[in-house]
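> take this sequence and fold it.
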Amino acid sequence: MPLQNRVLPTGDIVSDPARGTVMGNRGGRLHGPDRRLGPTRWRSKAWICCALSFRGRHRRIMSPASYTELFFLDEAVALAVGHRPCAECRHAAWGAFRAAWAEAHGGPARAGQIDAALHAARIGQDRRQIRHAAPMDALPDGAFVRHDGWPCLVRADALRPFSPGGYGPPLPRPPGTAQVLTPAPTVAALASGYAPALHPSADAA
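Prediction:
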């Protein structure tokens, strides 16, 4: 039985055997000795998105004495639920994200400031994902929307339906207003040029 550590664009954390392309954490241990998630979904405001491998380090997933490893299909999914690039194992991506964030929001982009802004934009008082409305045709590549009840990646002039194993065939990007899953501050950074690392299926025919 797969561990409950796969994060969906809707913010749900589920068990799924499909392998993601990036890992992340939320500042601490969310699981118990039985390697099952408890009710807590974060330990700090620093939700980061990490590389699957870095300097030959090896980890036992959901170790009793370590943070909870979370997995995402790709970086766009991690951004959709409010994570941002790790400053250590994804240093270049972190620099690019900070630069896009500064351009979008003005002024220096320090980690603590970004984490606080993301936390306010991703989780409501009911502890559910915050979603917002935006014109569909104005959304940048890499944002996630809910379309016909399903999470979809915005990619060029199309939408790519999400599944834990990869993206489905492209759908025409419809007109009108979209329900956006990706936090508004991150959408602004995407619009300012940040390009998340995508699963290969995002560009499949």
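> avg pLDDT for the longest helix anywhere in the chain?
Scanning the chain for the longest helix, with DSSP state H as the assignment, gives helix 91-105. For helix 91-105, mean pLDDT rounds to 96.
> buried residues, that helix. List them.
Across helix 91-105, burial judged by 16 or more other Cβ atoms under 10 Å covers 93, 94, 96, 97, 98, 100, 101, 102, 104, 105. To be clear about C-beta, it is placed using only N, CA and C from the backbone, and glycine gets the same treatment.
> what do you get for stretch 9-24?
Here stretch 9-24 shows 9, 10, 11, 13, 16, 20, 21, 22, 23, 24 as buried, counting by 16+ other Cβ under 10 Å.
> quick one: which of these is nearest to residue 165?
The closest of the buried residues of stretch 9-24 to residue 165 turns out to be residue 16 (Cβ to Cβ; 8.1 Å).
> strands of this protein, residue ranges please.
Remark: strands assigned in the chain by DSSP state E are 4-7, 13-15, 22-25, 48-50, 70-72, 84-85, 132-135, 144-147, 150-155, 158-163, 166-167, 171-172, 177-180.
> centre of the chain to the fifth one, how far?
Put simply, strand 70-72 sits 9 Å off its chain's centre (Cα atoms, centre = their mean, to the nearest Å).
> any idea what sits nearest residue 43, other than its immediate chain neighbours?
Spatial nearest neighbour of residue 43, chain neighbours left out: residue 28 (2.9 Å); criterion: Cβ to Cβ, 6 or more residues apart in numbering.
> ok, the one you found touching residue 46?
No. At 9.8 Å, residue 28 does not count as touching residue 46 under the criterion of Cβ atoms under 8 Å.
> out of those two, which sits in the busier spot?
Ranked by neighbour count (other Cβ atoms under 10 Å), residue 28 and residue 46 place residue 46 first, with 21 against 13.
> look up how far residue 137 lies from that one.
33 Å (Cβ to Cβ, to the nearest Å).
> which of the strands of the chain sits closest to residue 113?
Using Cβ to Cβ, the nearest of the strands of the chain to residue 113 is strand 84-85, at 11.3 Å.
> quick one: contacts of the closest one?
With contact meaning Cβ atoms under 8 Å, 6 or more residues apart in numbering, strand 84-85 is reached by 47, 48, 49, 75, 93, 94, 96, 97, 114, 115, 118, 186.
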